[in-house]
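What shape does this take:
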Amino acid sequence: MHESWGSIWRIDSNHRLRAPFSIRIRSDSGKTLVARDVIPANWRPNTFYRSFVQYSS
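Now for the predicted structure:
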């Protein structure tokens with residue numbers, strides 16, 4: 001994935017994508033966060049999907 005701008009990310013793929021999608025994010029400090037199946041099987045382009053997963057302190 002590539003940051004498009006702000007909090008907007010995109011993926012350019014030559015292959016058909018199969019949802020649902022999980023997102024894994026790694027912080028500069030090396031902590032990893034996973035939001036499982038945060039983008040549903042019936043996803044649509046140009047749509048916002050929200051996850052309430054947060055790094056613990």
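
The worst-scoring helix or strand of the chain on mean pLDDT - contacts with which helices or strands?
One helix or strand of the chain scores below all others by mean pLDDT, DSSP states H and E: strand 8-10, with a mean of 83. Secondary-structure packing of strand 8-10 (3 or more C-beta pairs under 8 Å, 6 or more residues apart in numbering; DSSP states H and E): strand 2-5. C-beta here means a position set from N, CA and C on the backbone, and glycine is covered the same way.

What lies in contact with the strand it packs on?
Strand 2-5 has contacts (C-beta atoms under 8 Å, 6 or more residues apart in numbering) with Trp9, Arg10, Ile11, Asp12.

I'd like the average pLDDT over stretch 50-57.
On average, the pLDDT along stretch 50-57 is 86.

what does it contact?
Here stretch 50-57 makes contact (C-beta under 8 Å, 6+ apart) with Ile23, Ser27, Lys31, Leu33, Val34, Ala35, Val38.

among those, which ones are buried?
Ile23, Ala35, Val38 (16 or more other C-beta atoms under 10 Å).

can you tell me which of the residues you listed are in strands?
Counting by DSSP state E, these place Ile23, Ala35, Val38 in strands.

any chance of the contacts of stretch 50-57 in JSON lines, with pLDDT and distance to Ser57 too?
As requested, the contacts of stretch 50-57 are exported to JSON lines (pLDDT from 0 to 100; distance: C-beta to C-beta, whole Å):
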{"residue": "Ile23", "pLDDT": "91", "distance to Ser57": "21"}
{"residue": "Ser27", "pLDDT": "90", "distance to Ser57": "12"}
{"residue": "Lys31", "pLDDT": "93", "distance to Ser57": "11"}
{"residue": "Leu33", "pLDDT": "93", "distance to Ser57": "13"}
{"residue": "Val34", "pLDDT": "94", "distance to Ser57": "17"}
{"residue": "Ala35", "pLDDT": "93", "distance to Ser57": "18"}
{"residue": "Val38", "pLDDT": "93", "distance to Ser57": "21"}
